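Enquirer: 3D, please:
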Amino acid sequence: MIDFLYQWVLAPFVEFAFMRRALVACLALALGSAPVGLFLVMRRMSLVGDAMSHAVLPGAAVGFLIAGLSLPAMSLGGFVAGVLVAGFAGLATRFTEIKEDASFAAFYLLSLAIGVLLVSSSGSNVDLMHLLFGSVLAVDDAALLLVASVASVTLLTLAVIYRPLLLESLDPVFLRAVGGHGSVWHLLFLLLVVLNLVSGFQALGTLMSVGLMMLPAICSRLWAATVGGMLLAAFLIAALAGMGGLLLSYHVELPSGPCIILLAGLFYIVSLFVAPQGGVLPRLLRQRHLES
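Expert: A predicted model of the protein is given here:
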C-alpha cells in the first residue's frame with residue numbers, strides 16, 4: 001500500500017523537477033486566486049472573472065507579437081489590457097444606463113476577438129493554443145517567480161483592505177452612507193483580479209486560469225458558514241485540484257490545465273450533493289429531522 005501511494009502520489013514530484021515547479025505554481029495560484037474568487041462570488045461578480053480572463057488576451061497577444069514567448073512582455077500586455085477593459089467597463093456603467101455585468105461582457109467579447117485575430121494573423125496554431133490553454137508543466141523559474149510574487153501581493157493587499165472590502169461586498173449601501181470610499185476598494189479589488197489572471201495565464205492559459213479562481217470559491221460556499229472558513233476551504237480545494245490534476249495529467253498523459261479544472265469541477269458536483277452547508281443530501285436529512 002505504501003509503495004503504491006509512493007509510486008502514484010509522491011514519485012512524480014520526487015523524481016521530476018518540472019513536476020515540483022508545477023506543484024509550487026499551483027499552490028501559489030491557489031493562495032492568490034482562491035480568496036479573490038471568493039470575493040467575486042460574494043459580490044455576485046462570478047461571470048466578471050470569466051470576462052476579465054478573456055480581456056487579458058489581446059494584451060498578451062501584443063506582447064507575444066513584439067517579443068515572442070517573453071513572460072515579462074506578455075504579462076505586462078495582459079495586465080494593461082485587463083486594466084483598460086475594467087476601466088472602460090466602469091466608465092460605460094457610470095455614464096450610461098448599461099449595467100456593470102453587461103459592460104464587462106461587451107468589452108471582453110471585443111477583447112477576445114481582437115486577441116485571437118492578432119495571434120492568428122502573425123502566429124501559428126501552436127502559439128494560439130499556448131496563450132489560450134497554457135501549460136503548467138512548462139512553468140520555468142521566471143513564471144514561478146511571477147506567480148509567487150502576485151500571490152504575495154494579493155495576500156498582503158487583502159490583509160490590508162479586508163474589512164472595508166468585506167463590508168463593500170456584503171453591504172455597499174452602508175459603506176457609502178458612512179463615507180467608506182467603496183469605489184476605491186472596488187478598483188483595488190479589480191486590479192487584484194487582473195493580476196491573478198495574468199499570473200495564471202502562463203500556467204493555465206487565458207481560458208483556464210479563471211477556473212482555479214472561481215470553482216474552489218463557489219465550492220467553499222457549500223462547505224463553510226463563515227468567511228474565514230470559506231477562505232480556507234477555497235484554498236484547500238484549489239490546492240487539492242492542482243495537485244490531483246497534475247498527477248492525473250502525469251499518469252494518464254493528458255493536458256495538465258484541463259485536468260486541474262476538471263477535478264475542481266468534479267469537486268463542485270460532489271459538493272452539490274454532500275456539502276454540509278447547502279448540499280442536497282444534508283438538506284433532505286435536516287428536513288426529515290424537522291418533520292419528525
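
Enquirer: Please tell me how far the one helix or strand residue 196 maps to is from the chain's geometric centre.
Expert: Applying DSSP states H and E as the criterion places residue 196 in helix 182-223. Centre-to-centre, helix 182-223 and its host chain are 3 Å apart (C-alpha atoms, centre = their mean, to the nearest Å).

Enquirer: how deep is residue 282 tucked in, by neighbour count?
Expert: For residue 282, the count of nearby residues is 15 (other C-beta atoms under 10 Å). C-beta coordinates here come from the backbone N, C-alpha and C atoms, glycine included.

Enquirer: same check, this time on residue 280
Expert: 11.

Enquirer: now residue 279
Expert: Residue 279 has 17 neighbouring residues, counting by other C-beta under 10 Å.

Enquirer: Distance of the spatially closest residue to residue 194 that is not a sequence neighbour relative to residue 251?
Expert: Spatially, and ignoring its direct neighbours in sequence, residue 194 is nearest to residue 82 (3.6 Å; C-beta to C-beta, 6 or more residues apart in numbering). Counting by C-beta to C-beta, to the nearest Å, the gap from residue 82 to residue 251 is 35 Å.

Enquirer: circling back to that earlier point, output the contacting helices and strands for the helix or strand that the helix holding residue 196 is followed by.
Expert: Following helix 182-223 in sequence order, the next helix or strand is helix 227-252 (DSSP H and E). Secondary-structure packing of helix 227-252 (3 or more C-beta pairs under 8 Å, 6 or more residues apart in numbering; DSSP states H and E): helix 11-15, helix 17-42, helix 182-223, helix 256-274.

Enquirer: swap the cut-off to 6 Å and go again
Expert: helix 17-42, helix 182-223, helix 256-274 (3 or more C-beta pairs under 6 Å, 6 or more residues apart in numbering; DSSP states H and E).

Enquirer: For residue 57, which of these is the nearest?
Expert: Among the helices and strands packed on helix 227-252, helix 182-223 comes nearest to residue 57, with 4.8 Å by C-beta to C-beta.

Enquirer: Right, I'll call it a day here.
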